[in-house]
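# okay, sequence plus prediction incoming.
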Amino acid sequence: MSRIGVLHPGSMGISLAASAIATGHEVCWVSAGRSASTRKRAEEHGLTDLGTLAQLCARCEGIISICPPAATEQIAQDVAACGFSGLFLDANAISPQRAVTIAATITTGGGRFVDGGIVGGPAWAQGKTFLHLSGTHAGEAAAWFSDGLLETNVLGAGLTQASALKMCFAAYTKGTTALFYGILATADVLGVREALVQQWSLSAELAGPLAERAGKGAGGVTSRAWRWIDEMQEISRTFEDAGLPGGFHAAAAEIFQRLEALRDEPDPNTDAVVAAMLARGRN
């Protein structure tokens with residue numbers, strides 16, 4: 001059994017912790033500075049509170065970083081400053097370029113680095129959530145979750161293959177979601193939204209499912225849009241560093257910024273989504 005630390009057990013992080021616990025590991029966390037909801041989540045799933053980051057780094061053989069992209073480098077710096085010498089898994093939605101920076105921080109501090117990229121929602125069902133891993137020590141990180149619901153896939157020894165795959169996958173799934181709502185808002189301004197949805201319904205071989213989607217609630221998007229803003233910016237950077245235009249996903253980040261206002265709405269309809277986007281556009 002290993003002792004593994006999770007920074008931090010949010011909705012995704014706690015599901016990774018659950019898979020590690022199911023595999024027989026003790027999973028730890030740091031309560032300092034975290035919210036009451038995070039504390040409740042950690043207690044319900046049996047995580048051990050080590051109180052401070054210094055204690056977690058001293059007592060854990062492995063650490064999983066799972067947080068918003070903008071916080072990833074600071075977390076790595078804080079872990080390295082504690083003298084962590086174990087295996088550090090960065091499982092965040094970051095560009096390969098940011099992964100290189102984090103890897104250098106961890107290894108310079110004496111630790112070992114594994115790049116990770118998660119595809120899917122929190123891992124509460126078999127075969128639904130995939131953690132892609134890359135790097136020299138990827139197999140070690142995969143073993144943390146072998147008996148849990150999280151599926152793992154070792155891509156190879158390349159330092160940032162996992163982040164690259166995550167960026168390319170999300171570029172389509174989340175990028176086209178932003179495009180979809182951007183199209184609806186534009187059609188609304190031009191007075192053709194109803195006609196557009198009708199045309200979608202008549203074009204089953206091309207975009208028929210879009211008509212159905214236009215009539216559904218958007219809670220699955222608006223509740224998570226705030227987390228996708230940074231991710232779109234990371235994808236934009238990934239495209240640009242590959243020699244391709246990054247403007248599409250920079251615009252997608254702005255669209256998700258406009259949807260952030262609906263974060264706490266239970267399941268806003270398309271009218272509410274379009275109104276939120278246009279309200280931000282007029283500011």
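Received, thanks. Residues are numbered from 1 along each chain as shown.

# every contact and neighbour count from this point should use C-alpha atoms.
OK.

# show me the strands in the stretch 51-200 of the chain, by range?
Remark: strands of the stretch 51-200 of the chain, listed N- to C-terminal, are 62-65, 87-90, 112-119, 130-134, 151-156; assignment by DSSP state E, counting those that start in this stretch.

# quick one, the last one and strand 112-119 angle?
Following axes from the mean of the first three to the mean of the last three CA atoms, to 10 degrees, one obtains 130 degrees for the angle between strand 151-156 and strand 112-119.

# which stretch among the strands of the stretch 51-200 of the chain approaches residue 71 most closely?
Comparing those by their distance to residue 71 (CA to CA), the top pick is strand 62-65, with 9.8 Å.

# what helices or strands is the closest one leaning on?
strand 3-7, strand 87-90 (3 or more CA pairs under 8 Å, 6 or more residues apart in numbering; DSSP states H and E).

# coming back round to it: to residue 169, which of the strands of the stretch 51-200 of the chain lies closest?
The stretch from the strands of the stretch 51-200 of the chain with the least distance to residue 169 (CA to CA) is strand 112-119; that distance is 7.8 Å.

# report the angle between the closest one and strand 130-134.
Using the same axes, to 10 degrees: strand 112-119 against strand 130-134 is 150 degrees.

# hmm, residue 20 is touching residue 27, no?
Yes: in this structure, residue 20 sits in contact with residue 27. The criterion is CA atoms under 8 Å, and the distance is 7.1 Å.

# shared neighbours of these two, which are they?
Counting by CA atoms under 8 Å, 6 or more residues apart in numbering, residue 20 and residue 27 have no common neighbour.

# not counting sequence-adjacent ones, nearest residue to residue 216?
residue 269 (6.4 Å; CA to CA, 6 or more residues apart in numbering).

# and for residue 91?
Leaving aside its sequence neighbours, residue 91 sits nearest to residue 116 (CA to CA, 6+ apart; 4.2 Å).

# check the most centrally placed residue in the chain and give its pLDDT.
For the chain, the residue nearest the mean C-alpha position is residue 93 (4.7 Å; CA atoms, centre = their mean). Residue 93 carries a pLDDT value of 97.

# the stretch 101-250 of the chain: helices as residue ranges?
If you assign secondary structure with DSSP state H, counting those that start in this stretch, the helices in the stretch 101-250 of the chain sit at 138-143, 161-189, 193-202, 208-214, 219-222, 225-241, 247-259.

# give me the distance between the third one and the centre of its chain.
For helix 193-202, the distance from its own C-alpha centre to the chain's C-alpha centre is 33 Å (CA atoms, centre = their mean, to the nearest Å).

# return it as PDB; C-alpha atoms alone will do.
Coordinates of each C-alpha in helix 193-202 appear next as PDB, following Å, rounded to 0.1, in the frame of the first residue of the first chain:
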ATOM      1  CA  ARG A 193     -32.700  31.500 -34.700                       C
ATOM      2  CA  GLU A 194     -36.100  29.800 -35.100                       C
ATOM      3  CA  ALA A 195     -35.500  29.300 -38.900                       C
ATOM      4  CA  LEU A 196     -32.000  27.900 -38.200                       C
ATOM      5  CA  VAL A 197     -33.300  25.400 -35.700                       C
ATOM      6  CA  GLN A 198     -36.000  24.400 -38.200                       C
ATOM      7  CA  GLN A 199     -33.400  23.900 -40.900                       C
ATOM      8  CA  TRP A 200     -31.400  21.800 -38.600                       C
ATOM      9  CA  SER A 201     -34.400  19.600 -38.000                       C
ATOM     10  CA  LEU A 202     -34.800  19.100 -41.800                       C
END
